[in-house]
Structure formats: structure tokens, C-alpha cells
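Novice: Coordinates for the following, if possible.
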Amino acid sequence: MISSADRTFTLRTGEYEVAYEPEPGRKLGAGISIRRVGAGVAGAAILTRMAHGPSFNVTDYGTYVGYDHKPSDKKKDFDIFRTMQCRDLPNSIEVTIQTSRTWADFTGTLTAYRDTPGLLHWTVRAHARQSKSVDEAPLPDCEFRLNGMLAQHQVVRHMVQRGPVTGMLFFRDNDMQTDAMYWEDFTSLSRLYELTGAANPWHGYTETEQRGAVRMGPAVSEFQLAEVGGVQQAPAAYRETVERYDRFGYLRPENFHIPQGENLIVADTYLYLRPSIKNDNVDACRTFTELAATIYSRIRKPVPTVTNWAGDIAPRLISDILRPDNSHVANGHFYPRAYVKYEYPDTQLWTISQLLLPLTEYCKLHPVQKQAAALKSKLEETLPVFWDEKWKGFANDPAPVPDMYYTGVYLLNPVYQMADLAVAGIPEARRMILGYRSHLIEMGRSCGYVFADISTSNPKKQQSLYQYDTTCMYIYIMMRLYQLSSSKDFDALNAAREAAERLADRRLDLCWEINQTAIGAPACEMLYKATGDRKYHDLAWIPIANTLRWAWLWQGYYGIGKHLTTFWAFSGTPANPHSCEYENHQVRRFIKQYVELAGSSLSPQVRNMLNDCWQLGPCQTHFALPPNIVKAGARQFLANAHESDCGTIDYDQVVPLEDYHGGWGTDMEWYQGNTKLGQIGQEIYGAGGILWYAVWQKELDAALRERGAK
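Specialist: Numbering: from 1, shown residues only. Okay, the predicted model is just below:
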């Protein structure tokens with residue numbers, strides 16, 4: 001604390017000075033200003049009113065007499081500002097501002113932490129002395145200033161919230177030469193959302209569609225066409241775009257009613273500022289992860305739920321998969337269907353391989369489980385059906401491999417799983433992946449290690465959209481081939497190196513499907529350990545940051561959220577309105593693998609955040625199982641058995657739902673036809689997560705006990 005008085009204060013946190021000096025009658029109103037000392041454009045600052053909008057401004061020294069944003073005359077009531085108290089505490093400086101408006105009393109608290117220079121946290125609590133209809137257009141909580149006036153700053157937006165993810169915004173302010181992360185803790189705002197009667201209206205790409213989201217301009221899509229009019233388009237590396245904005249931050253919902261006597265939190269905001277050092281992709285992703293991990297250590301988290309995956313859920317799952325209506329036999333070979341009671345015969349390799357891999361580990365731990373051994377044997381026996389001797393490879397369909405375009409999802413997802421099966425000791429998987437080796441190396445070379453939809457007859461031909469994170473899968477596959485060769489396959493190692501160079505082209509625009517993104521972290525760390533080249537260790541920050549940006553680090557205690565857990569779910573694909581179990585459990589597996597590989601090289605805060613990803617994430621899966629949803633009292637949010645797009649939902653089976661989300665389960669939300677849990681179906685191909693959690697049971701139990709699990 002530098003100075004404080006009845007109505008003013010100035011404090012220093014790192015290289016930033018935070019000040020409040022309200023002036024009576026000031027046209028733009030009063031706010032808390034933040035400027036960088038001795039750097040950046042003179043007079044450049046950020047200003048916050050803690051909770052913006054005519055009904056909420058906490059820091060305004062005075063407002064109009066009468067109805068807050070419809071003045072009855074030109075006079076201002078300067079008694080609206082009541083008190084300010086500054087507390088110089090051992091671990092922080094805390095400033096509390098009491099404000100009384102026409103309809104409510106507000107308490108705004110600003111905290112600066114001694115152990116984290118540059119981090120500010122403010123909360124605003126409201127007590128409604130009379131009922132209030134909030135119908136004004138919301139304004140972001142922060143604005144840019146030059147010489148005390150509202151002005152545009154030059155900024156590079158690294159990421160803007162898009163979809164139902166964490167309320168994060170990450171950008172570089174060139175005028176202040178500062179990297180900034182803004183984070184609104186949506187968990188704290190549950191009562192606010194409950195009063196709206198609808199889930200956060202996050203969907204959309206324009207600012208007007210993004211009420212209830214964290215904004216700086218419209219959300220963006222990061223996809224790129226691989227061909228236009230039949231002409232191949234070379235993949236473009238990320239390029240910074242400098243834009244000009246005058247505001248950023250959280251936009252409150254509008255058109256809702258606050259009852260008299262209501263007490264609720266209307267803001268719970270973190271702003272973390274750090275002087276910019278470099279502008280390259282790795283540094284931006286490292287900074288994103290470090291800032292996010294620091295804030296994450298302080299946000300509200302739900303109490304985790306303990307589940308007996310190994311002794312209860314996994315045996316039931318195996319029994320369910322073996323039901324006749326969940327599989328079919330063709331030419332003497334066993335194929336699990338993609339969904340429970342799916343009407344179509346389904347012969348996908350990735351369903352087989354992603355179940356077989358954790359089942360192999362599960363059987364090692366539980367050798368007396370006869371049904372598990374039987375299912376493992378059936379799945380193993382089906383693998384050779386997919387090998388194409390003529391093509392010298394395999395795809396997601398049984399051989400022969402058709403002459404067609406495959407997306408990375410269907411071409412390389414089964415391959416990395418087969419590579420893992422080979423490492424786990426499955427002889428047929430080893431034969432198939434090693435037989436595919438030459439074809440895979442040539443495919444990467446032909447595609448330039450950046451993949452779209454690939455022609456199986458000519459890998460140089462690609463169409464549709466580039467799926468940048470397919471490169472991550474490719475690096476991982478090459479490193480598994482290198483491992484299987486006892487570190488002698490230098491062609492595979494060099495292919496991994498070449499692919500990693502393409503990964504370096506991306507910033508926070510990597511994701512096509514979240515599990516494909518997450519696999520890049522252990523892949524880069526494997527490459528680092530094989531070569532000793534530090535740049536590959538550093539490259540892991542790119543897939544890590546691109547994974548975390550799609551995490552749901554909030555728990556909504558309203559609607560569905562009163563019964564279920566959303567915390568540490570992921571959007572399966574960018575901005576996807578629901579979380580998908582297949583992608584989610586694969587992310588947790590790769591994050592766990594990365595932490596084990598990277599070890600002590602990670603800071604404690606980053607390591608703790610990543611550990612929470614795979615240790616707390618299964619708590620979300622617990623509530624993706626229909627029997628647990630019903631037991632939790634949320635049956636009304638489940639789609640009816642015959643409303644599913646894929647198969648018939650069976651509430652007695654522990655096969656997880658594909659589509660899982662927070663909110664209300666009404667047509668006020670995302671898609672008119674996709675508002676109930678399980679609208680897509682129960683995904684057998686995503687059930688492998690349950691087997692992984694059973695394998696991790698002891699580790700999960702120990703971690704959850706430390707967190708006070710129930």
C-alpha cells in the first residue's frame with residue numbers, strides 16, 4: 001500500500017500501480033485504474049468499475065437521483081458511495097468499498113496478493129433492498145484508458161471465450177507492454193444464472209450473441225480450408241493480428257428479475273498482468289498456462305465425488321458391453337457397437353482399440369475377472385480383420401482400405417491406439433503398426449506433416465479443413481515406433497522432428513478435436529527425452545495451452561448442475577455445447593502421461609492444475625452414467641429412451657452418455673433439438689474411460705481423499 005484515505009488509495013503490485021481517486025461530477029464516472037509503472041505508452045491504463053452497467057457500478061462516486069439509469073433530473077447523489085476500508089494484511093492488501101444504490105447495497109472487495117505480483121481479484125456482492133428488473137444492455141467490466149479518457153489500445157487477442165468454457169480472455173496489450181489474463185469465475189455466479197432461468201447464453205460469434213460471456217470483440221473461428229475450387233491451399237502458420245479495442249471483460253445477462261431481499265454475487269473476477277517479454281508462439285502458450293494455473297489455484301472448486309470404478313462400475317460396464325444387443329458378430333468376429341442398442345452393425349477399429357487398451361491394463365490388475373478376460377480375447381481376435389496386406393496399413397474400416405478421403409479423426413486415432421497396444425504387449429497390434437510404418441512415414445512426408453482430409457490413394461491430395469492437431473497424433477505415433485524399435489528407427493524419429501516443426505507454427509489455434517490436441521504434450525516430451533533438444537520440451541506448452549483453453553473450470557449450481565458435476569469437463573471440439581466422454585477421458589489419459597514424463601520440470605502450480613485434470617475429471621464422468629444421473633435426482637433432464645439420435649438409452653447400463661452439459665435442459669439453450677442429456681446416445685466407443693479410471697483407482701482415491709471428497 002502506497003497511500004490510502006477515506007475515499008482514495010494507491011497500491012503497487014509488481015510493476016503495476018492500482019489507484020482509486022474518484023472526482024465528484026466526473027462525466028465518465030469513477031473507477032479503479034491500473035497502469036504499468038515506467039513502461040508502455042504514457043497515460044495508458046486499464047479501468048474497472050468491478051461490476052459494470054447502470055444498475056451495478058460499485059466504484060462510481062455518485063449517480064443520478066431517482067431510477068439509476070433513467071434520471072429524473074440532472075442532479076447526482078454523491079452519498080451513494082458510503083465507505084472504503086483498506087487492510088494491509090500479512091499475505092495481501094484488501095480494499096473494501098461499500099456502495100448503496102436505489103435498489104441494492106453493494107460490497108466490492110479488491111485483493112492484491114503479496115506472493116503473486118500483478119494478480120488482482122475483485123468480487124461484488126449485492127443485497128437487494130427492493131426488487132429489480134435488470135433490462136439494460138450489459139457492458140464489459142473493464143475499459144482501456146489514455147490520459148484518463150476512454151480510448152482504444154492496440155491489442156493481440158490470443159484467445160477469446162467461445163462456447164461454454166472457462167470465462168477466460170488472454171491478450172497482449174501493446175500500449176502497456178503487458179500480457180493479461182482475465183478470468184470470471186462462473187461457479188460463483190450460480191445464483192445469478194439461476195435467476196435468469198436459462199443457461200449462460202454463450203453461443204454465438206458476435207458480441208450481441210454473447211451475453212453472460214467474457215468478451216473482447218466477437219469470438220473467432222480458427223479453421224482453414226485445405227482446398228478451394230479444387231486448388232490445394234498451403235497451411236498458413238499463425239500470424240499475430242494487432243487490433244484496437246476500448247473495452248473487455250464479463251457481460252452480465254440481461255432481462256431477468258432479482259427479488260427483494262436477494263443476496264448474490266454479481267462479479268468474481270481475476271485480472272493477472274505480467275510484463276511482455278517475447279511474442280513467439282511457445283512463450284504465449286507458456287504464459288497462458290502459467291497465468292491460468294496461478295488463477296486456478298484460487299478459484300472455487302466443487303467437492304469431488306468418490307467412485308468405486310474398479311470394484312463396481314468396470315465389471316458392470318464389461319457385462320453391459322457383452323450384451324447381445326450392444327455388439328454383433330460378422331464372419332465369426334466380435335464387434336462392439338458404437339452406441340447402446342445401435343440399430344446399425346458397426347465395425348469401427350477405434351471402438352475396439354480404445355476399449356482394448358485400458359482393458360489390457362485392467363486384466364493385469366484383475367486377472368480373476370473372467371468377463372474382462374473374455375471381452376479382451378474377443379477384441380484381440382478381431383484386430384487382424386483391419387489389416388490390409390495390399391495397402392500395407394489399416395484404417396477405421398475393415399480391410400481392404402477403401403479409396404477415399406479420411407479425416408485425421410478416423411485415420412490416425414486408431415493408429416495411435418494400435419501403437420499403444422503394441423507397447424502394451426499385444427502381438428497382433430505390434431505386427432500391424434510395424435507393418436504400417438513405411439506407409440505412415442511416407443504419408444507424413446507427402447502431407448508436409450499438416451493434415452486435412454487425406455486421400456488414401458494419394459496422400460498429397462487433401463480436402464476440407466486442416467486439422468492442425470492431427471500433427472500431434474502423428475508425432476506420438478512416430479515416437480511409439482521409435483520406442484518399439486529399441487530407439488533404432490531414426491526415420492521415425494526424424495519424421496517426429498519434422499512434424500514438431502509444424503506444431504511450432506500454431507499458437508492458441510491448434511484444436512480440432514480435444515484429445516488429438518492433448519496427445520501432443522506427451523509426444524513432445526517423448527521427443528525431448530529421445531533427442532535431448534530442449535526446444536521439444538518447450539513445444540509441449542502449445543498443446544497444453546490449447547487443451548486447457550477448452551476446459552470447463554466452472555460448476556453451475558442451478559438446473560442440471562444442482563445434481564451433476566461439470567467441473568473439468570472439456571468441449572470435445574471447439575465451442576461444442578456439450579462435453580463428449582470419448583474425447584474427455586483421452587485428454588485425462590494424455591495429461592496424466594505428460595505429468596509423469598515432465599515431472600519436476602513443471603512448476604508446482606502447473607503440475608497441480610494438470611493433476612486435477614485427470615484426478616477430478618472422473619468425477620464429471622461419474623455423472624455421465626445414467627444410473628448415477630437418476631440416483632442424483634436428475635431424471636427429468638435425461639432424454640427419453642427413444643429420443644436418442646443413436647440407439648435407445650438404457651438407464652440401467654453404465655455406458656456413459658456422449659452429450660453431457662450444464663444448464664436447464666430446455667429449448668432456451670444451445671440447439672433446439674439437443675437440450676436433454678443423452679440426446680445423441682450412450683457411447684460404447686467412449687466407455688474406455690471407465691476402464692482407465694479403474695486402472696487408476698488407487699491413485700484417484702488417494703488424490704480425492706486429500707481434497708476432502710465425499
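Novice: Please list the residues outside stretch 481-500 that contact it.
Specialist: Residues outside stretch 481-500 that contact it (CB atoms under 8 Å, 6 or more residues apart in numbering) are 419, 422-423, 430, 433-434, 437, 440-441, 444-445, 449, 471, 474-475, 478-479, 523-524, 526-527, 530-531, 536, 539. Using the backbone N, CA and C atoms, a C-beta is placed for each residue, glycine as well.
Novice: Among these, name the buried ones.
Specialist: Neighbour counting with 16 or more other CB atoms under 10 Å marks 419, 422, 430, 433, 437, 440-441, 444, 449, 471, 474-475, 478-479, 523-524, 526-527, 530, 536, 539 as buried within the contacts of stretch 481-500.
Novice: Cross-reference those with the helices and report the matches.
Specialist: 419, 422, 430, 433, 437, 440-441, 444, 471, 474-475, 478-479, 523-524, 526-527, 530, 536, 539 (DSSP state H).
Novice: Where does pLDDT dip in the stretch 101-250 of the chain?
Specialist: By pLDDT under 70, the low-scoring segments of the stretch 101-250 of the chain are 198-210.
Novice: need the strands for the stretch 151-300 of the chain, in chain order.
Specialist: 153-160, 167-173, 178-184, 214-215, 227-228, 231-232, 242-245, 247-250, 256-258, 263-275 (DSSP state E, counting those that start in this stretch).
Novice: neighbouring strands for the longest one, and are they parallel or not?
Specialist: When pairing is defined by DSSP bridges, strand 263-275 lines up against strand 119-128 (antiparallel), strand 178-184 (antiparallel).
Novice: List the buried residues in that strand.
Specialist: Buried, per 16+ other CB under 10 Å, within strand 263-275: 264-274.
Novice: Provide the contact partners of the strand or helix carrying T10 at residue level.
Specialist: Under the criterion of DSSP states H and E, T10 resides in strand 9-13. The list of residues contacting strand 9-13 from outside it, by CB under 8 Å, 6+ apart, reads 1-4, 17-20, 37, 84, 86, 93, 95, 112-113, 117-120.
Novice: Give the buried residues for stretch 492-503.
Specialist: Quick answer for stretch 492-503 (16+ other CB under 10 Å): 492-493, 495-500, 502-503.
Novice: so where is the chain shaky, pLDDT-wise?
Specialist: 22-29, 61-81, 198-210, 664-675.
Novice: need the helices for the stretch 451-600 of the chain, in chain order.
Specialist: 470-484, 490-503, 514-518, 520-531, 534-539, 541-548, 581-598 (DSSP state H, counting those that start in this stretch).
Novice: hang on, I meant the stretch 301-450 of the chain
Specialist: 314-321, 349-365, 370-382, 408-423, 427-447.
Novice: Pipe those helices into a markdown table and attach distance to G229 per row.
Specialist: Supplementary listing: the helices of the stretch 301-450 of the chain in a markdown table, determined by distance: least, CB to CB, whole Å:
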| stretch | distance to G229 |
| --- | --- |
| helix 314-321 | 46 |
| helix 349-365 | 32 |
| helix 370-382 | 42 |
| helix 408-423 | 23 |
| helix 427-447 | 20 |
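Novice: Indicate which one of these is closest to D179.
Specialist: Among the helices of the stretch 301-450 of the chain, helix 408-423 comes nearest to D179, with 31.4 Å by CB to CB.
Novice: other SSEs contacting the closest one?
Specialist: For helix 408-423, the packing partners by 3 or more CB pairs under 8 Å, 6 or more residues apart in numbering; DSSP states H and E come out as helix 349-365, helix 427-447, helix 470-484, helix 514-518.
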